[in-house]
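>>> From the sequence below, what's the structure:
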Amino acid sequence: MKIRSVCILLLLAAMNTYAQNVTYGYDNAGNRVERAVTSINRPAPQEGVTALSDLFAEKTFSIYPNPTQGIISVEIKGYTEETQAEFRITDMSGGTVLNLKATATLQTFDLSRQASGIYLLQIRINGESTVLKIVKR
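Modelled structure (predicted):
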């Protein structure tokens, strides 16, 4: 019961950050004459927190296929020789599976020898980093 309550509270909190308000206007006879939809914007990011799109504004990347059978590709758009890009793949217990520096626009990783499950891919580009989930079947 506690888990269900917590899940409902989390769902309601998430809905409030992406919700819309609909208001109606009526004339004196009670007929609806106006409908206005306003969005409730997400709260502004806290100081020191950067959105992923801002973090890699000059260097965008694509990861495919995810989920994967073993081979996964990461493409860095805007990669140059001056770009310092590093990749680290870890399993869910925190063990490092792969640690690699980028040498080209397209990097491929072979996870075929790894067990099926969830892995974390940390991408660090020019000192900024993010962590993404990879699912291996």
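
>>> ok, which stretches of this structure are strands?
20-26, 32-39, 60-64, 71-77, 85-91, 96-101, 106-110, 117-125, 128-136 (DSSP state E).

>>> right, and the ones you listed - which one's nearest Ile3?
For the strands of the chain, the distance to Ile3 is smallest for strand 117-125, at 21.0 Å, taking C-beta to C-beta. The C-beta positions use only the backbone N, C-alpha and C, and glycine is treated the same way.

>>> Output the below-cut-off pLDDT ranges for the protein.
1-2, 5-22, 35, 37-59 (pLDDT under 70).

>>> Let me see the domain layout of it.
2-39, 52-136 (automatic domain parsing).

>>> Could you count how many residues lie near Lys136?
20 (other C-beta atoms under 10 Å).

>>> hey, what's it bridged with?
Thr68, Gly117 (DSSP bridges).

>>> Correct me if wrong: it contacts Phe109.
No - if you go by C-beta atoms under 8 Å, Lys136 and Phe109 don't touch, sitting 10.5 Å apart.

>>> what about Lys101, neighbour count?
Here the count is done by other C-beta under 10 Å, and Lys101 has 10 residues near it.

>>> Kindly report the same for Ile134.
So Ile134, with other C-beta under 10 Å, has 21 neighbours.

>>> which non-adjacent residue is nearest it?
Spatial nearest neighbour of Ile134, excluding adjacent residues (C-beta to C-beta, 6 or more residues apart in numbering): Tyr119 at 4.5 Å.
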